[in-house]
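**Student:** Structure, please.
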Amino acid sequence: MKEFMQFLEDSPVCFYTVKNLKEMFEKAGFTQLDRSRDWKVEAGGRYFTTVYDSAIYAFALPDHLSALKAPFFRMISAHTDQPCFRIKPDAEIRQNGYVKLNVEVYGGPIFSTWLDRPLSLAGRVSLASDDPFRPDIRYVDFKKPVLVIPNLAIHMNRNVNNGVELNPQVDMLPVGALTEGLLDDQVPVLIEALCRELGVGADKILDFDLFTYAVDKPQIVGFRDEFLSASRLDDLVMVHTGATALIESKPTTSVNVFMGFDHEEIGSRTPQGAGTSTAAFILEKMSLALGRSRGQYLSDIMDSFLVSGDVAHAIHPNHPEKHDPVLKTQLGKGPVIKMAAKQSYMTQSCDVAVYQSICQKAGVPFQKFTNRSDERGGSTLGPVLSAAVPCHIMDMGVALLSMHSARELMAVKDYDYTKRSFIAYYQA
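**Tutor:** Okay, the predicted model is just below:
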């Protein structure tokens, strides 16, 4: 659990999540493959490749390639992004003595949970280089509180405790400085801060992908230390359990795969996301490296299996009426198989039975989740991936409270349950 908590702290945004996963895989003996070249692999090898800094694919091959059989690929997917606020270009707004930053909503955060909370910024900055097609890419993490989104005092908002709609263009703009001493033609405060962090001049900064994050550290809470309270549990708990299971397991008759996608929170329709052909391209490159033909690859994909890992809703202690009257998923009761008749979660009994059987044999408790029939609910990677990777798919995840809050809650023991189920899946 300490390693996972450190991973959460070190992974404020998708770019750092992938950076940290690369370091984990390299430490475990994985070799990075160049996406732009043909791949050469060997039996027992371990490999990974990345897509545009924020998505990652990792593979582990069995010692005897002649043993490969269906399911050819045993895959686990998760996503590297999380709901937050993205900084707009030319973001500085100077008004009434304050320096604010213009932001737009990324994904579906619960706005109120971001108010009055110390926030920092992290992301990717693109700098000018000699080759316009290859800008100098730098990561930046301020690692300290630099922003706050202030609430309006109750004396000026008497109905605040009755529920107030927050306007993202008005209420959610963070404050980062006072205007005192700033000149009208001075470099914007944010750009000035980026220059200090990166050691470059303002003229070098072409653009950036910067996101807010809460700086509060993950904490074990509860009278019996049963809960983990942290930011970004959605979906880094699935990222970390999936990646560590791949590292700690040994393939038997399949190519074991972990896939960490970006942009799930905003629809997945990007090269780094699950909603385009990238996953199919990467899997076919591995198939070709193993000497498989195009026809064999197509057959292999149809017979492969994907566990789509994204967090699930635990029954709320104060609002049990929001959940199905029978299927009441709980914290600490094991991974949750997510099901929906409309296939917003991939729901086929033959695929659910696979994961259920693996959990039973591994001694891992599991639960099943459906939305109330009068609630729309959400969706996840499974249905998105099925368009390009039409294999056997089932959706599951760790149970959470406060999903999409700036800080979420899970049971400590569910981390171990989920990781054990993934190791058993990779080795079954």
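
**Student:** Can you find the helix or strand of this protein with the lowest average pLDDT?
**Tutor:** helix 381-386 (a mean of 92; mean pLDDT, DSSP states H and E).

**Student:** and that one, what does it pack onto?
**Tutor:** strand 73-79, strand 305-309, strand 392-397 (3 or more Cβ pairs under 8 Å, 6 or more residues apart in numbering; DSSP states H and E). C-beta coordinates here come from the backbone N, C-alpha and C atoms, glycine included.

**Student:** switch to 10 Å and redo it
**Tutor:** strand 73-79, strand 255-261, helix 278-289, strand 305-309, strand 392-397 (3 or more Cβ pairs under 10 Å, 6 or more residues apart in numbering; DSSP states H and E).

**Student:** Of all these, which one is nearest V18?
**Tutor:** strand 255-261 (6.7 Å; Cβ to Cβ).

**Student:** what is the orientation angle of the closest one with helix 278-289?
**Tutor:** Relative orientation of strand 255-261 versus helix 278-289 (axes from the mean of the first three to the mean of the last three Cα atoms, to 10 degrees): 150 degrees.

**Student:** Quick check: mean pLDDT of strand 255-261?
**Tutor:** Strand 255-261 shows an average pLDDT of 98 in the prediction.

**Student:** That strand pairs with which strands, parallel or anti?
**Tutor:** In the sheet, strand 255-261 lines up against strand 55-60 (antiparallel), strand 73-79 (parallel) (DSSP bridges).

**Student:** quick one on the thing from earlier: E226 is nearest to which of the helices and strands packed on helix 381-386?
**Tutor:** Taking these one by one with Cβ to Cβ, strand 392-397 is closest: 18.8 Å.

**Student:** Quick one: distance of that closest one to the chain centre.
**Tutor:** 16 Å (Cα atoms, centre = their mean, to the nearest Å).

**Student:** residue boundaries of the helices in the protein?
**Tutor:** In the chain, the helices defined using DSSP state H lie at 2-10, 14-27, 189-198, 233-248, 278-289, 294-302, 349-362, 381-386, 412-427.

**Student:** Can you name the residues that contact the nearest residue to N371 once chain neighbours are set aside?
**Tutor:** Excluding the flanking residues, the one nearest N371 by Cβ to Cβ, 6 or more residues apart in numbering is G377, at 3.6 Å. Applying Cβ atoms under 10 Å, 6 or more residues apart in numbering, we find G377 in contact with H313, K338, A340, K342, S344, Y345, F369, T370, N371.

**Student:** Ok, L228 next?
**Tutor:** 1, 4-5, 8, 218-222, 237, 331, 400, 408-415.

**Student:** Would you quantify the distance from it to G332?
**Tutor:** For L228, the distance to G332 (Cβ to Cβ, to the nearest Å) stands at 11 Å.

**Student:** which residues are common contacts for the two?
**Tutor:** M410, A411, V412, K413, D414.

**Student:** Closest one of those to K88?
**Tutor:** Among the shared contacts of L228 and G332, and counting by Cβ to Cβ, the member closest to K88 is M410, at 32.2 Å.

**Student:** circling back to that earlier point, distance to A245 added to the shared contacts of L228 and G332, as a markdown table?
**Tutor:** As requested, the shared contacts of L228 and G332 are exported to a markdown table (distance: Cβ to Cβ, whole Å):
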| residue | distance to A245 |
| --- | --- |
| M410 | 17 |
| A411 | 18 |
| V412 | 18 |
| K413 | 16 |
| D414 | 14 |
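
**Student:** among the residues you listed, which ones are buried?
**Tutor:** M410, A411, V412, K413, D414 (16 or more other Cβ atoms under 10 Å).

**Student:** Surely the fourth one touches E226?
**Tutor:** Think K413. Yes: with contact defined as Cβ atoms under 10 Å, K413 reaches E226; the gap is 7.5 Å.

**Student:** anything in contact with each of the two?
**Tutor:** In contact with both K413 and E226: L331, G332, using Cβ under 10 Å, 6+ apart.

**Student:** Per-residue confidence at the spatially closest residue to F142 that is not a sequence neighbour, what does it come out as?
**Tutor:** Nearest residue to F142 in three dimensions, chain neighbours excluded: S120, at 4.8 Å (Cβ to Cβ, 6+ apart). pLDDT recorded at S120 is 98.

**Student:** mind listing what S120 touches?
**Tutor:** 12, 141-147, 211-215.

**Student:** Try it again at 8 Å.
**Tutor:** Taking Cβ atoms under 8 Å, 6 or more residues apart in numbering, we find S120 in contact with P12, D141, F142, K143, K144, P145, V146, L147, T212, Y213, V215.

**Student:** partner residues bridging it?
**Tutor:** Y213.

**Student:** isn't T113 right up against L409?
**Tutor:** No: using Cβ atoms under 8 Å, T113 is not in contact with L409, being 11.9 Å away.

**Student:** what touches both of those two?
**Tutor:** S402.

**Student:** Can you give me the neighbour number for N318?
**Tutor:** 7 (other Cβ atoms under 10 Å).

**Student:** That should have said E42, apologies.
**Tutor:** 10.

**Student:** same question, L233
**Tutor:** 26.

**Student:** So it sits against A411, correct?
**Tutor:** No: using Cβ under 8 Å, L233 makes no contact with A411, being 10.9 Å away.

**Student:** Let me see the confidence value for the residue positioned nearest the centre of the chain.
**Tutor:** In the chain, the centroid-proximal residue (Cα atoms, centre = their mean) is T80; its distance is 2.5 Å. As predicted, T80 sits at a pLDDT of 98.

**Student:** check contacts around it.
**Tutor:** If you count contacts by Cβ under 8 Å, 6+ apart, T80 has them with C14, T17, V18, S54, A55, I56, D235, L236, V239, G260, F261, D262.
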